[in-house]
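>>> Sequence and predicted model, in that order:
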Amino acid sequence: MARQLTPLQLTGREDSHLVELPCGNRLRAEAARAFGRLQAEAAEAGFALAIASSFRSYERQRTIWNGKAGGQRPVHDDAGRPVDMATLSRGEQLRAILRYSAIPGTSRHHWGTDLDVYDAAALPADYRLQLSPREVAPGGLFDPLHRWLDERMAAGASHGFFRPYARDTGGVAPERW
C-alpha cells in the first residue's frame, strides 16, 4: 500500500517520495513500476515510450509560471499558437496561463505520479519536442502512440495511468501528451 504524501510533497517542496529512473526522471516507486510495464508493452507495439516531463518541484513550477507571467516564456492557446498577452486584461492573462500551467504548489506533477510522454522513435533528429496539441492531433507526429494509449486506457490496461484532463470543461486544457 502506498503511503500518503505529506503537505510538502503534495506541493513540490520536498521529494523524498520519489525514485529516479534510468532516464533521470523521477516518479513515486509505484508509478515508476507501472511506467516500466507500460513502456515494455509499448515497445512490443512498436513505440519507444519516453518521458518528457515527470516530477516537477515547486521551484521549477514557479520558474515556468513566472516566465509566462513575465513574458519570458510563450503562453499558447488551444491550437498551440502563441497568445499576445499584451492585448489581455490581467484576469485574461491569468486564465490564459492557467489553461496549460498550474500555479506553483498545485501541479499534479508535484506528486510524482503524473508525466508527459512521447514516442522517441517517431522524433526526427532535428526536431524540438513541443508538447503541443498539433503533435498529438490526428495525423500528428505522436498521434499513433496516443491512439494506442487511448485504447489501453479504454480497456483498463494502462497500469493505472489516465488523462485527468481528457475532456475540456473550460478550465485546464486537455493534455493528450
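Received the coordinates, thanks.
>>> most centrally placed residue in this structure?
Asp116 (3.3 Å; C-alpha atoms, centre = their mean).
>>> If it is in a bridge, with which residues?
Note on Asp116: beta-bridge partners Ser53, judged by DSSP bridges.
>>> OK, contacts around it?
Ile51, Ala52, Ser53, Ser54, Leu131, Glu175, Trp177 (C-beta atoms under 8 Å, 6 or more residues apart in numbering). For every residue, glycine as well, the C-beta is placed using N, CA and C.
>>> which regions of the protein sit below the pLDDT cut-off?
Within the chain, the segments meeting pLDDT under 70 span 1-2.
>>> max-length helix in it?
helix 29-44 (DSSP state H).
>>> Quick one: the strands in the protein, in order.
Applying DSSP state E to the chain gives strands spanning 18-20, 26-28, 49-53, 116-119.
>>> could the ones you listed go into TSV alongside distance to Arg3?
Supplementary listing: those in TSV, determined by distance: least, C-beta to C-beta, whole Å:
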stretch	distance to Arg3
strand 18-20	13
strand 26-28	10
strand 49-53	23
strand 116-119	25
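>>> what does stretch 157-168 contact?
Stretch 157-168 is contacted from outside by 31, 34-35, 37-38, 41, 78, 108, 114, 149, 152-153, 172-176, using C-beta under 8 Å, 6+ apart.
>>> Separate out the buried members of these.
Buried members of the contacts of stretch 157-168, counted by 16 or more other C-beta atoms under 10 Å: Ala31, Ala34, Phe35, Leu38, Glu41, Asp114, Leu149, Arg152, Met153, Ala173, Glu175, Arg176.
>>> the helices in the protein, which residues?
7-10, 29-44, 58-69, 90-98, 133-136, 143-154.
>>> Let me know the angle separating the second one from strand 49-53.
Meaning helix 29-44. Note on geometry: by axes from the mean of the first three to the mean of the last three C-alpha atoms, to 10 degrees, helix 29-44 and strand 49-53 are set 140 degrees apart in direction.
>>> what residues does helix 29-44 touch?
By C-beta under 8 Å, 6+ apart, helix 29-44 touches 2, 19, 21, 27, 48-49, 51, 112-113, 115, 145, 148, 152, 157-161.
>>> Can you select the buried ones from those in PyMOL?
Selection of buried members from the contacts of helix 29-44 for PyMOL, criterion 16+ other C-beta under 10 Å:
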select buried, resi 21+27+49+51+112+113+115+145+148+152+158+159+161
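>>> sorry, back to before: what would the helices of the chain look like in a markdown table with distance to Pro104?
Formatted as a markdown table, the helices of the chain follow (distance: least, C-beta to C-beta, whole Å):
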| stretch | distance to Pro104 |
| --- | --- |
| helix 7-10 | 12 |
| helix 29-44 | 21 |
| helix 58-69 | 4 |
| helix 90-98 | 12 |
| helix 133-136 | 24 |
| helix 143-154 | 28 |
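>>> Perfect, that will be all.
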